[in-house]
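Novice: What follows is a predicted protein model with its sequence.
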Amino acid sequence: MNGAGCDVAILAGGQGTRLRERAGPLPKPMVPILGRPILDHQFDLCRTHGFRRILLLVHHNHETIRAHVGDGSRYGLSVEYAVESTPRGTAGALADALPRLADTFLVLYGDTYLDVDLRRIREVHEERRADATLFVHPNDHPQDSDLVEVDDEGFVAALHAYPHGEGTEYDNLVNAALYVMRREGLEHLIPPEGKADLAKDLFPQMLRAGRRLFAYISPEYIKDVGTPERLDRVEADIHAGLPDRLSAHALRSAVFLDRDGTVNVEVSYVRTPEQLILLPGVPEALQRLNRSGHLAVIVTNQAVVARGDLTFAGLKRIHTRLTHLLGARRAYVDRIYVCPHHPEGGFPGEVAELKFACTCRKPATGMVDAACSDLQIDRRSSWMVGDTTADMEMGRRAGLRTILVRTGHAGQDGRFPFRPDYVVPDLPAAVSWILDGHPAMVRRMAPVAAAALQARLVVIGGLARTGKSSAAQVLREILADLGRTAHVFPLDSWLKPAAERTEGTGVASRYDLDAMLTTVTPLLQLRTRATVGLPIYDRGRRASYGRLVEMSIDPNDLIVVEGVPALLIDGLTKAAGVRVHLEMPEAERVERLRADYLWRGETAAAVDALIASRAKDESAPVQDARARADFIVDAWTEE
């Protein structure tokens, strides 16, 4: 691709000692992954991205490699060999082979499985006019990895080789052992004799010599297979489709995360690293995301910078602390996006150049837009998880599914009228819903969606906390994919104030059903598009927000009404084309109901009384109404 010489150098001299129990005497690059040698997979990748001249740097049992690979013609490649008589380390082997390499070349390690756009990393290397470009990424074991410190322009500022000093905290950006290098001048930086390592010797020497090392940060898949455990993990990842989901072949899925109140404890502006405390279960939840192939992307307003209470350097130390804490628990985030701006003035010490109305401060979508561009993210399969109405509004505007968590502000900030798509207790529950609950509900609601395609009204009922609102939202999403617009009307929007309810008069009496029917019934007879204002019920305060969500409804749109007594209301069930009853194991349902009451601030004793009262008031009639349903949907997803 450039000048004379080989475009790719593959360091293939390893013995594979730690893999001996699996591979016997085979050299490491010949160890099979899914029945094919590692080298074969690497050759396929090189050819796919247009690199056809390969130099293998070999030593141990190189005859076996040569007998298998030959001249590379059977791969559609030209393969040459540089045989080390005495091992000189990765940098030493490269130095001895420099005369046979092109002006710019890639370096791959023969013990890594990767699915990386090699052409793109080389293009970026040229664009940034770097002397070397290092592929870096966060991983789940930074504590035993070589780490890279990056400046604001994306160039390497420092390298921190493993082992790290006790008590040190570095950002979780790992040198993943894939490089693009400019050949010129390298021969003067590598000792002519003795051993030298690329990561530990050459790259630090290049920095000291003023050479430009660029950090190519990417979520693409690359892992070494140097131990049986790592080999097993790579094969499991391939079977699960993880490399493909993280690759650049297609758009990726992401979970966008608010920071304060969602990932870490809300303390009203984190100003020091010590104030950043992870919420319970967060590392484990992020670890699940990492292993699923969903990107984890933090998007956070940090007006504390514009106000002058925190510098950019201080914010970087806080985020280093965050990635360090997660890394210590084998989890990571793929990227952090920050809005440092604030539109209002009048704060002592404020930074004037950051005081303006920007396009990135939530609920504006600038941070999501940047991430989607940088990381090739598909909005339709991605999510926003946060604790404020600004998070939910940003997610709505950005075209993401939204999940409100009941940690932090728990949606009580009241800044925007909002209806999150889903509400869960915390980030672990959000991840469980994304990975387990939502796919299961899509499968279970698919027959309902098929039946609803020709309907005008769908009614969804069931006992409290069986997942009716989630089922209704999933139904809306499925129908949207099928080209049908649906609008969800939760009966909770018409719950009466607590003072107006009379216990023991039946579950339906808790709702202003006349007002509901006055709103919903005319929609079934629409002849022209109409705008409807839907009240929003705040479960935390047990009262209406006093603000409406406006819904523009076409005569051909589907109306979905969901709520505990939905199937008890004759005016709905008779008009409905599809009737659905949601259920789950009673013990799980009661536990969810108990958690809901406790979150609202009720005492344990009061909760027991409330659950008993509701059982007496609603269980029998709601269960009897089950007979009216066309579909019985089991909403329980065992975790």
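Specialist: Yes, it's here.

Novice: Just to be sure, Met181 is in a strand?
Specialist: Yes. Counting by DSSP: H, G, I helix; E, B strand; the rest coil, Met181 is found in a strand.

Novice: That one and Glu127, how far apart?
Specialist: Between Met181 and Glu127 the computed distance is 15 Å (C-beta to C-beta, to the nearest Å). Any C-beta I mention is one placed from the backbone N, CA and C, and that applies to glycine too.

Novice: more neighbours, these two?
Specialist: Taking neighbours as other C-beta atoms under 10 Å, Met181 and Glu127 compare with Met181 leading, 26 against 10.

Novice: Now do the contacts for that one.
Specialist: 104-107, 131-133 (C-beta atoms under 8 Å, 6 or more residues apart in numbering).

Novice: one more time with 7 Å
Specialist: Residues counted as contacts of Met181 (C-beta atoms under 7 Å, 6 or more residues apart in numbering) are 105, 107, 132.

Novice: What of Val333?
Specialist: Counted by C-beta under 7 Å, 6+ apart, Val333 has contacts 138, 286, 296-298, 323, 326.

Novice: mind checking how far Leu45 is from Gly408?
Specialist: 43 Å.

Novice: Comparing these two, which shows the higher neighbour count?
Specialist: Gly408 (24 against 18).

Novice: need the helix or strand of this structure with the lowest average pLDDT.
Specialist: helix 20-23 (a mean of 74; mean pLDDT, DSSP states H and E).

Novice: Just the CA trace of the top helix by length along the chain, in CSV.
Specialist: When the chain is parsed with DSSP state H, its longest helix is helix 312-328. C-alpha atoms of helix 312-328 as CSV (Å, rounded to 0.1, in the frame of the first residue of the first chain):
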residue,chain,number,x,y,z
PHE,A,312,-11.0,20.8,33.5
ALA,A,313,-8.0,19.2,35.1
GLY,A,314,-10.0,18.6,38.3
LEU,A,315,-12.8,17.1,36.3
LYS,A,316,-10.3,14.8,34.6
ARG,A,317,-9.0,13.6,38.0
ILE,A,318,-12.6,12.8,39.0
HIS,A,319,-13.2,10.8,35.8
THR,A,320,-9.9,9.0,36.3
ARG,A,321,-11.1,8.0,39.7
LEU,A,322,-14.4,6.8,38.2
THR,A,323,-12.7,4.6,35.6
HIS,A,324,-10.2,3.3,38.2
LEU,A,325,-12.9,2.3,40.6
LEU,A,326,-14.8,0.5,37.8
GLY,A,327,-11.7,-1.1,36.5
ALA,A,328,-10.9,-2.5,40.0
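
Novice: Now do the helix or strand that comes right after that helix against helix 312-328, angle only.
Specialist: Next along the chain after helix 312-328, taking DSSP states H and E as the criterion, comes strand 335-339. If you take axes from the mean of the first three to the mean of the last three C-alpha atoms, to 10 degrees, strand 335-339 sits at 150 degrees to helix 312-328.

Novice: Strand partners (parallel or antiparallel) of strand 335-339?
Specialist: Using DSSP bridges, strand 335-339 pairs in its sheet with strand 295-301 (parallel).

Novice: who touches Phe347 in this structure?
Specialist: Neighbours of Phe347 in contact, by C-beta under 7 Å, 6+ apart: 307-308.

Novice: okay, it: pLDDT?
Specialist: With respect to pLDDT, Phe347 scores 82.

Novice: Kindly report the same for Thr637.
Specialist: 75.

Novice: Can you list the low-confidence ranges for the stretch 401-550 of the chain?
Specialist: 503-504, 540-546 (pLDDT under 70).

Novice: Got the domain ranges for the protein?
Specialist: Following automatic domain parsing, one gets these domains for the chain: 6-232, 251-420, 438-634.

Novice: Reformat the ones you listed as JSON lines; add distance to Leu427.
Specialist: Shown next, in JSON lines, are these (distance: least, C-beta to C-beta, whole Å):
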{"stretch": "domain 6-232", "distance to Leu427": "17"}
{"stretch": "domain 251-420", "distance to Leu427": "5"}
{"stretch": "domain 438-634", "distance to Leu427": "15"}
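
Novice: Which one, of those, ends up nearest to Gly241?
Specialist: domain 251-420 (7.1 Å; C-beta to C-beta).

Novice: Relative to the whole chain's centre, how far out is that closest one?
Specialist: The chain centre lies 12 Å from the centre of domain 251-420; the measure is C-alpha atoms, centre = their mean, to the nearest Å.

Novice: do the same with stretch 568-580
Specialist: Worked out by C-alpha atoms, centre = their mean, stretch 568-580 lies 39 Å from the chain centre.
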